[in-house]
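**Q** make a model of this:
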Amino acid sequence: MNVRRAAAVLAAAAVLGAGTAPAAFADDPAPAASPSAPPEIPAGLHGSTDPTYDGVWRQSLTLLAQDAAGVKPSAEAVGWLTGQQCADGSFAAFRPAPSRACDPKTMVDSNSTAAAVQALAALGGHDDVVGKAVDWLASVQNKDGGWGYNPGTPSDANSTSVVTGALAAAGRKPAETVKGGKSPQDALLTFALPCEGKDAGAFAYQPDKSGKLLANADATAAAVLGSLGAGLGGEKAKPAGSAAKCAEATTPEQAAENGAAYLAGPLTEDGHLTSALPGADPQPDLGNTADAVIALASTGHADQAEKALGHLRDNGVAWAKQTGPAAYAQLVLAAEAMGADPRDFGGQDLVKLLNATGPEPKADRTDAKPAGKTPAEDGVSPAVWWAGGAVLVLLVAAALLLTVRKRRP
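**A** Reported below is the predicted structural model:
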């Protein structure tokens, strides 16, 4: 799920009841300027840009990535996120005045709510907030088993996937969360393209106006995780030992495998996914590339994502500096999914850079010396310790000898 999913264009499309939201947005362009001044950045929120359209989303990804990297987030940052929840359990993209009760004009959405659930469930200790949020998500499930961005809008692959990850994170079985006899995995299968042509195995965001499914890399990366019942950070998977292959998707697991096969094509060839706005030259899409890396690793095909991970090492930090904390979080999660070290990623410490975008965390596992270290791991070689022990033995022996001599008449 890319950070762009919280863009103002998508929210506007959902509000207007558009049948199909834009398939892709550029990584860097910011939402159109508002007639009024943007809100101030509240204390506790990570990032320095206008949070109107992505406050909860970027905070949730930040906390999720910090937890994955062994960082205990600040109480202020966690409190900001929990304070964004409405009384019915839902979350909006951003509430500038959380002390005011939500009303029918509050634009709550499934993506912000599901992302907050995943983050708070990972941190633990927020069962009430998580439970209310999951209950709200279940209450706005569509009859096809999926979710749209806003309640009442048609289901899409991205929203259905992030909610599926939230259900699993909260300890609920997605397959048993049904509406009209349909589960989230049933809904995701309706967005899967068959194993035919150049787009074999891909997922569509939504059917177009004619009902046709058009391949979408962003939706595919999200739907692979959703089909597996995994969250935004993916899940640990044993190496498959062979390349991903497309076959008839009769199960969610096979649909995920098909999606991985689709994503593996450009990742192994180019090392990245590509996007372009109308009239603009194609350019690497690092957000979707990070998501695709997580998707491949979660299906057991991390070997097919190594080239893409290298591309992220070379170019990711520069992109994240322009984009903000959600981008740093995506890179951290991609590194963790691949078994790489996010604290040494292309010579950069992603975790340190992420932490610096907001309030100082409570604790970082690298701040304190781990217990149980051997002398060599503490920076002193075993030879030095043995030499020191030998000297100590000689000193004790000398002391005993002097004592014996003094006792002689």
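
**Q** the strands in this protein, which residues?
**A** Counting by DSSP state E, the chain forms strands over residues 71-72, 273-275, 283-285, 363-364, given from the N-terminal end onward.

**Q** quick one: residue 214 from residue 260, how far?
**A** According to CB to CB, to the nearest Å, residue 214 stands 19 Å off from residue 260. (Each C-beta comes from the backbone N, C-alpha and C, glycine too.)

**Q** more neighbours: these two, which one.
**A** Each of residue 214 and residue 260 had its neighbours counted (other CB atoms under 10 Å), and the higher figure belongs to residue 260 (31 against 15).

**Q** what sits against the more buried one?
**A** When contacts are counted by CB atoms under 8 Å, 6 or more residues apart in numbering, residue 260 touches 201, 224, 244, 295, 296, 299, 301, 304.

**Q** just send those residues back as CSV, with distance to residue 66, pLDDT and neighbour count too.
**A** Output for the contacts of residue 260, formatted as CSV (distance: CB to CB, whole Å; pLDDT from 0 to 100; neighbours: other CB atoms under 10 Å):
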residue, distance to residue 66, pLDDT, neighbour count
201, 33, 98, 29
224, 24, 98, 33
244, 30, 97, 22
295, 22, 98, 33
296, 24, 98, 32
299, 25, 98, 29
301, 27, 98, 24
304, 28, 98, 23
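
**Q** check contacts around residue 215.
**A** 193, 199, 202, 203, 204, 262.

**Q** can you read off the pLDDT for the fourth one?
**A** It refers to residue 203. The pLDDT attached to residue 203 in the predicted structure is 98.

**Q** I figured it hits residue 192, correct?
**A** Yes - the pair residue 203 and residue 192 qualifies as a contact (CB atoms under 8 Å) at a distance of 5.6 Å.

**Q** give me the common contacts of the two.
**A** Residues within reach of residue 203 and of residue 192 at once, by CB under 8 Å, 6+ apart, are 223, 255, 259.

**Q** ranges for the helices of the stretch 301-409 of the chain?
**A** In the stretch 301-409 of the chain, the helices defined using DSSP state H, counting those that start in this stretch lie at 306-323, 325-337, 350-355, 382-407.

**Q** may I see the buried residues of the shortest one?
**A** Read that as helix 350-355. By neighbour count, and taking 16 or more other CB atoms under 10 Å as the criterion, the buried residues in helix 350-355 are 350, 351, 353, 354, 355.

**Q** from residue 183, how far out is the first one?
**A** Meaning residue 350. Residue 350 sits 35 Å away from residue 183, taking CB to CB as the criterion.

**Q** go on, the last one?
**A** Taking CB to CB as the measure, residue 355 and residue 183 are separated by 38 Å.

**Q** then residue 125?
**A** In this structure, residue 125 and residue 183 are separated by 29 Å, where distance is defined by CB to CB.

**Q** more crowded one of these two?
**A** Ranked by neighbour count (other CB under 10 Å), residue 125 and residue 183 place residue 183 first, with 22 against 10.

**Q** what sits closest to residue 172 if chain neighbours are left out?
**A** Closest residue to residue 172 apart from its sequence neighbours, by CB to CB, 6 or more residues apart in numbering: residue 134 at 6.3 Å.

**Q** state whether the one you found and residue 170 are indeed in contact, as I suppose.
**A** Yes - Residue 134 lies in contact with residue 170 (CB under 8 Å); the separation is 4.7 Å.

**Q** the more surrounded of those two?
**A** Neighbour tally, residue 134 and residue 170, criterion other CB under 10 Å: the higher count belongs to residue 134, 23 against 19.

**Q** now do the same contact list for the residue nearest the centre of the chain.
**A** Among the residues of the chain, the smallest C-alpha distance to the mean C-alpha position (CA atoms, centre = their mean) belongs to residue 232, namely 3.8 Å. Each residue near residue 232 by CB under 8 Å, 6+ apart is listed here: 1, 61, 64, 115, 118, 162, 165, 225, 294, 333.

**Q** ok, it to residue 102 distance?
**A** If you measure residue 232 against residue 102 using CB to CB, the figure is 24 Å.

**Q** what's the neighbour count on residue 175?
**A** Residues lying near residue 175 (other CB under 10 Å) number 15.

**Q** give me the low-pLDDT residue ranges for this structure?
**A** 1-38, 276, 366-409 (pLDDT under 70).

**Q** again, only this time at 90
**A** Judged against pLDDT under 90, the low-scoring parts of the chain cover residues 1-40, 275-281, 363-409.
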